[in-house]
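**Q** need the 3D shape of this:
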Amino acid sequence: MKLARILVRNTDRLQSRRKEVPIIFAMFPVRSNHSQNMKKMLFPFLISLFLGFAASAQNTDTVQAGAATVPAEGPVLAFVEKSHDFGDIKQGEKVSYTFTFTNTGNKPLIISNVATTCGCTVSKWTKEPVAPGKSGEVSATFDSTGKMSMQKKVVTVYSNSATGIQTVSLVTNVLPNNSRSQR
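**A** Take a look at the predicted model:
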């Protein structure tokens, strides 16, 4: 609204001096009855916006997998648990966890690769295709040697899932190992 007032003021000033109106003002003609014109321009815009939202809400070919809405066609990777917290562990300990997933889609699921955030986690995963409705596993091991305090290691799972790339994480708090001999 402020911009419209400035435009009206500047246009009136320019027209009163009998100078040529800049091209920007020619694109947005301002008349004395500018509030009616704004209403006429705003109404079609709001109708278009409303119809756009209504059309996007009509997409019924999707399923909910975790937090992402994905197409219903193809394999869908759905983890039972996305994060595991080991709590407190001593420095130098190795801890492992196996994440279970289910293919909730309608085609075989193939995990092509599992990557970790650093060399401290080792991953194993189900290598053969997972049929619709069947389950598989992704295992990860965290080696706390040389690590201290809170640690969150992310394991990224690459597959042909309609949900795209998925991640799971290992969380732990590494405490100092007090195994030094005291003198």
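**Q** from here on, just use CA atoms for contacts and neighbour counts.
**A** OK.
**Q** Thr167 contacts Ser159, doesn't it?
**A** No. Assessed by C-alpha atoms under 8 Å, Thr167 is found out of contact with Ser159, at 11.2 Å.
**Q** of those two, which one has the most company?
**A** Legend: neighbour count by other C-alpha atoms under 10 Å for Thr167 and Ser159, higher for Ser159 (19 against 15).
**Q** what's the closest non-adjacent residue to that one?
**A** Ile111 (4.2 Å; C-alpha to C-alpha, 6 or more residues apart in numbering).
**Q** list phi and psi for the one you found.
**A** phi -90, psi 120 (degrees, to the nearest 10).
**Q** surely it is in contact with Thr156?
**A** No. Ile111 lies out of contact with Thr156 (C-alpha under 8 Å); the separation is 10.7 Å.
**Q** which intervals of this structure have sub-threshold pLDDT?
**A** 1-43, 46, 49-72, 119, 179-183 (pLDDT under 70).
**Q** show me the contacts for the residue lying closest to Val155 once chain neighbours are set aside.
**A** Nearest residue to Val155, sequence neighbours excluded (C-alpha to C-alpha, 6+ apart): Thr116, at 4.6 Å. For Thr116, the contacting residues are 122-123, 153-156, by C-alpha atoms under 8 Å, 6 or more residues apart in numbering.
**Q** please apply the same query to Val171.
**A** 83-87, 150-153.
**Q** can you flag the buried ones in those?
**A** Among these, those scoring as buried are 83-84, 151, 153 (criterion: 16 or more other C-alpha atoms under 10 Å).
**Q** which of those residues lies closest to Gly105?
**A** Nearest to Gly105 out of the buried ones among the contacts of Val171 is Ser83 (C-alpha to C-alpha; 22.1 Å).
**Q** wait, that closest one sits on Leu170?
**A** Yes. Look at Ser83 against Leu170 with C-alpha under 8 Å: they come within range, at 5.9 Å.
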